[in-house]
Each structure stands twice: as structure tokens, then as C-alpha cells.
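**Student:** based on what follows, work out the 3D shape:
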Amino acid sequence: EIVSAPPPPKISKLQEDAPPPPKISTKPRSPTPPPPKGGASVLSCSIEETNKLRAQLGLKPLEVDTGPSKEDPNKFKDDLGEFYHKPAESLIEVAKTQKYREKIETHRQKRKIENDLAKVTLLADEDSNDDAAAWVEKNRRLIEEKRRAEERAKLLEEMDEVFGVGDLVKEDERNEKKQAYTEKDLRGMKVEHDIETFGEKTVILTLKDKGVLDEENDVLENVNIRDDERYKKSVLNKKKKPGYDAYDEDNFDEFGMPKNAVLEKYDEEIEGEKKQAFLLGIDSAREADERRAQIVKQKLANKRVESLQTVELKLASEYYNEEEMEKFKKKKKRKVKRSIREKGKILTADDLVPDNNTDYLRDLGSRRRRRPDDEEVTVKEEVKTEEDY
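**Tutor:** This is a model prediction of the structure:
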């Protein structure tokens, strides 16, 4: 194959007529002319000094061109602006740094423990340091302090006897005991909640709000328990169906006995809201236990008891015994013969003659008396029908 080379480039006329580049002279530059001679002096200062003077005068400092700065290799430009690329952390370096930190912390803790132990004197060292004279001095000091305390207490007792302070203190203690509010003051107070709602936890009771003109005694209640009772009551009212339902459980009391109220939904409005209550300190716990036992006893009485004793198992025989055979025998039914008079039988004159048998006259009942007359009427009707033929 023959490869054809491209033609040489053409030189335009503009390039031919272009002026030659300027020549750079190698001669040294002339020195700066000296300052003019005379009485006037020339002052000069650097840019830094000028900026200091301008700052003192409150002027903006001059911009200094420090030349082309070296570009940071980690700095990149984007459409959003310049940003720096942060290289990923080396996990090996991080692990090494963490290991060094743990070692330093371990040494620091060890040094701290050693310093603390150095301050503590051991029991053997302490015994060796204390000599007999120091031990005797310590005991004497303790005995002296005890003697001084006894003297001060004795002096205070004498002052109390002189001024009667002890009697006043005892009288104040007796008054405080009398005025103290104890459980005896709460005995007999009414708590307007069911005793079963109180468990082993601590319950705070407060006085129930009442009207100014109400003359009833004070009643205790718990606000949280009262809210729970109100919520349960609202849920129960939502579940109730209007009208009478014979199979509804609400028609039975806690002992399983039917209620006598016919229109129970109006009882609460007429008689008022029924609330359970008990009195403090009057064997309320014992009464509650007895009531729970009575409820359990009543529920057990209403339930049907099932015996767990099974029938004794017997081996089945291949043949029936006499008693079983008697059960399978069919009883013969006794057939009753009916005397049906033949239809279309023609009566003769001999049939109309009555028999001499008068046994039917022995019974004097009204039915026996009417029977012959009825038979004669029927016979006469049959005779008439035959004559018509």
C-alpha cells in the first residue's frame, strides 16, 4: 500500500510581514539618582510602617501583594466553590493511637494507686512507732475528756433543778403527746371505697369535699381510686343494653341470686348512687375475709359438681346372658277383634223380637237405661229404609 504524506503548510503573508521581536539589551541599568541637595529632606517608610500609621489614623490598610502563593495540593475547585479533600483515616493508625492512650492511662492509674498506698501507714509500722509512753498519754487524755463531760452533764442537771427547766421540758413532752394526731383519732372514720381495692401498698387518703350545709361526718377518699371507679362505671354503662334481658349477667347479684328490681336502670337515679364503704379500726379486714369466703361458698353451691370416679370396667362377653336376651325379646301385641256389622244385611221379623235376656237391667246407671232406647231407634230407622225399597 502507498501512504500519501500531507502537503506542507502554507505561510501566509501576514506572518512574513510581522515585525521581529525586540532585542534585550545586555547593558547594566543606570543607578538611582542621588537625592537633591538642599535644605528639604525626603522621608521614606516601608509598607508595614505605613499600614501602622494608617491604622492609628483609622484608615484602611494598604493591600500588599505577596506574590503568587503556592497552591495547596489538597485544594480543589468546583462549580460550588473551593473545597479541601480530607483523606480517609487509617484504621491501623487509629488502633495504634488508641493502644498508646490505654497504656498511658494504665500507667497513670498505677502511679496514682502507688502514691495513695505510700501515704497509708501499715498496722505493723504504726505499732512499732507508738511506744508505751504515747499509749499511756492517749489513755490519760481520753479519761480526762470523759471526766469533763460528766462534770458538765452534772452541772446542767443542777441548773435544771434550780430553775425548773426539767419540769417544763417534761410538761411540754406530755402536751405534745396529747396533741399528737394518732391512729386512735382515725378510729371509726368512714372510707368511701371498697376494702378489696386496698392492697399492701401505701394509699394516701384525703377528706372528701362536701357542701357547707351538709351535717354528715367527715369521709376519707383517694382521688386516684375515685377516678378508677368512675372509669369502670362509665365502661359498664356503655356495655349495658336498654330494656330487660333475662339472660344478662347484670340481673344477678354477687351471690348469683336474681335481683328483684324490674327497672334497675332507674333505681340509681331514685335511691342515689350506691357506694361501698367501710369504717377504720372496726375489724374491717375480718369482715372482708368473711364476705369473700361467703361469695366463694355461694359460687360453689351454684355450680354443678362433677364426679371424677369412673364406672368399673368389665370384660365384654361374646354371648348374651339371660337378662340381656330378655331385653331383646319382642313382646307379642294382643289383637283386639272388632265386631263390624255387615253392610246391606236385611233384617227379618224374628230379628226385631226382643230377647228374654234381661241382664242389662241389673245396672241402673243412666247409660244402661238409654242404651235399649237408642237401639230401638236405630232399628226403626233401618226398617223404614227397607220399606222404602
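**Student:** tell me where the chain is predicted with low confidence.
**Tutor:** 1-44, 65-85, 121-130, 164-166, 240-272, 283-285, 304-305, 336-347, 353-389 (pLDDT under 70).
**Student:** could you report the neighbour count for Thr197?
**Tutor:** The number of residues packed near Thr197 is 13, by other Cβ atoms under 10 Å. (Glycine included, C-beta is placed from N, CA and C.)
**Student:** so which helix or strand takes in the residue lying closest to it once chain neighbours are set aside?
**Tutor:** Distances taken as Cβ to Cβ, 6 or more residues apart in numbering place Ile225 nearest to Thr197, at 5.7 Å, with adjacent residues excluded. Assigned by DSSP states H and E, Ile225 belongs to helix 223-239.
**Student:** quick one: buried residues of that helix?
**Tutor:** Ile225, Glu229 (16 or more other Cβ atoms under 10 Å).
**Student:** what segments of the stretch 51-200 of the chain are helices?
**Tutor:** Per DSSP state H, counting those that start in this stretch, the stretch 51-200 of the chain carries helices over the ranges 91-119, 123-129, 132-163, 165-179, 183-186.
**Student:** please apply the same query to the stretch 201-350 of the chain.
**Tutor:** 223-239, 267-271, 284-302, 322-328.
**Student:** can you list the domains in this structure?
**Tutor:** 91-120, 183-210+217-302 (automatic domain parsing).
**Student:** in stretch 55-67, what counts as buried?
**Tutor:** With the criterion 16+ other Cβ under 10 Å, stretch 55-67 contains no buried residue.
**Student:** rewinding a little: can I get the helices of the stretch 201-350 of the chain in CSV including distance to Asp116?
**Tutor:** Below are the helices of the stretch 201-350 of the chain laid out as CSV (distance: least, Cβ to Cβ, whole Å):
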stretch, distance to Asp116
helix 223-239, 52
helix 267-271, 75
helix 284-302, 58
helix 322-328, 101
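**Student:** returning to that earlier point: ok, and what's touching the helix holding Ile225?
**Tutor:** His193, Thr197, Val203, Thr206 (Cβ atoms under 8 Å, 6 or more residues apart in numbering).
**Student:** tell me how far the nearest residue to Arg292 once chain neighbours are set aside lies from Asn237.
**Tutor:** The shortest distance from Arg292 to any non-neighbouring residue, by Cβ to Cβ, 6+ apart, is to Glu196 (7.7 Å). Using Cβ to Cβ, to the nearest Å, Glu196 is found at 22 Å from Asn237.
**Student:** ok, the residue nearest to Thr197 to Asp350 distance?
**Tutor:** For Ile225, the distance to Asp350 - Cβ to Cβ - is 108 Å.
**Student:** could you do Leu280 as well?
**Tutor:** Counting by Cβ to Cβ - Leu280 and Asp350 are separated by 112 Å.
**Student:** which one's more surrounded, the two?
**Tutor:** Leu280 (14 against 6).
**Student:** hmm, the more buried one is touching Leu186, no?
**Tutor:** Yes - judged on Cβ atoms under 8 Å, Leu280 makes contact with Leu186 at a distance of 5.2 Å.
**Student:** quick revisit: now distance to Glu151 too, for the domains of the chain, in CSV please.
**Tutor:** Rendered in CSV, the data for those read as follows (distance: least, Cβ to Cβ, whole Å):
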stretch, distance to Glu151
domain 91-120, 38
domain 183-210+217-302, 44
